[in-house]
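A.B. asks: I would like to see how this sequence folds:
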Amino acid sequence: MRIAIMAAGAVGGYFGARLAQAGHDVIFIARGAHLEAIRKNGLKIESVLGDAHLTNVRATDDPASVGPVDIVMFAVKLWDTEKAGALTKPLVGPDTRVITLQNGVDSVERLVPILGADHVAGGTTHVVTVMPEPGVIRHTSTFARFTCGFPDRRSDPKLQAFVKASQDAGIDAVLSDDIARDRWQKFVLLTGTSGATAAMRSTLGPIVGDPDTRAFFRKIMEETHAVARASGVRVPDDYVDQQMAFADAALPTMKASQFNDLEAGNRLELDWLAGKVVALGRALRVPTPANEAVYAILKLHRMGRKS
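C.D. replies: Predicted coordinates for the structure are as follows:
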């Protein structure tokens, strides 16, 4: 398959590299020092599931030079959604599927007006990756999974073929039967891990190991779960219990990407994480005091360090 990675950061770059290893025609959309490093040295993957070094990588900062592809894996930061969506237009042909693998729960709704409902599918990822330097992606979790599907739950042979191709490439890929549910389930965990690790400036292990911080972490997720249910999404009653068990079993050094961004002085996705829970909670009259606290604690840092 012909696949474009928009853009080739830690998440998109990892999955794109695995697909390229399997022989697919993968084009990495990147920019700046990362693009320069890929062009000069290739793309390196450091992973507990196996290292890789891809040479002769197809990489560009100009999607218009690529033309239509079968699949676009759309994995930009949430504040770049509309801008990157407009840049994605040249990649989209009549039968292209754009799978948003972003954080948050409103990416599909933001991309549909730009790219069309026939093209934009929802997605989720469960993977821990960082970019320690340009041209290098470090994968530290024992899991690397993505799900995808159309919000209206239609059957789609193109997505089915892509999921099968991803599975054949060794990726834990799943075609969802309810991507709205899956997105919200990921969002429950993500608001908890992103909010707790960034607000407390701590990895996950110490947070779940202390009764007070553990209770706050759980409260963040409980509020997001309540907002999901109030929105009409079928998240299981015991889902927060499941995620607490996941957190207890996770590596104690695990931290969310928002904490990584905070430490690096980068812009935060705060407005689309805790901020989104707070906004929806107010609209639906669901109390969200823990998420409000996270938002207030991190608000002055959300635009990154001033240069």
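A.B. asks: so what's the residue lying closest to Met221 once chain neighbours are set aside scoring on pLDDT?
C.D. replies: Nearest residue to Met221 in three dimensions, chain neighbours excluded: Gly192, at 4.0 Å (CB to CB, 6 or more residues apart in numbering). (Each C-beta comes from the backbone N, C-alpha and C, glycine too.) Per-residue pLDDT puts Gly192 at 98.
A.B. asks: and Gly192, that's in a strand?
C.D. replies: No - secondary structure of Gly192 (DSSP: H, G, I helix; E, B strand; the rest coil): helix, not part of a strand.
A.B. asks: how many neighbouring residues does it have?
C.D. replies: 30 (other CB atoms under 10 Å).
A.B. asks: dump the residue contacts of the nearest residue to Phe146 once chain neighbours are set aside.
C.D. replies: The shortest distance from Phe146 to any non-neighbouring residue, by CB to CB, 6+ apart, is to Thr125 (4.7 Å). Residues near Thr125 by CB atoms under 8 Å, 6 or more residues apart in numbering: 11, 15, 75, 101, 145-146, 186.
A.B. asks: isn't the residue nearest to Met221 right next to Ile220, touching?
C.D. replies: Yes - judged on CB atoms under 8 Å, Gly192 makes contact with Ile220 at a distance of 4.7 Å.
A.B. asks: out of the contacts of Thr125, which one sits closest to Gly67?
C.D. replies: Ala75 (20.1 Å; CB to CB).
A.B. asks: tell me the contacts of the closest one?
C.D. replies: Contacts of Ala75 were listed using CB under 8 Å, 6+ apart, and they are 5-7, 9, 11-12, 15, 100-102, 125.
A.B. asks: now the residue nearest the centre of the chain: phi and psi?
C.D. replies: Among the residues of the chain, the smallest C-alpha distance to the mean C-alpha position (CA atoms, centre = their mean) belongs to Gln102, namely 3.6 Å. Gln102 has phi and psi values of phi -80, psi 170 when expressed as degrees, to the nearest 10.
A.B. asks: give me the number of residues near the residue lying closest to it once chain neighbours are set aside?
C.D. replies: The shortest distance from Gln102 to any residue other than its chain neighbours is 5.8 Å, reached at Leu78 (CB to CB, 6+ apart). By other CB under 10 Å, 19 other residues sit near Leu78.
A.B. asks: what pLDDT does Leu78 get?
C.D. replies: 95.
A.B. asks: need the contacts of Ala75 in TSV with pLDDT, can you?
C.D. replies: Listed next are the contacts of Ala75 as TSV, based on pLDDT from 0 to 100:
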residue	pLDDT
Ile5	98
Met6	97
Ala7	91
Gly9	93
Val11	96
Gly12	96
Phe15	98
Thr100	97
Leu101	96
Gln102	96
Thr125	96
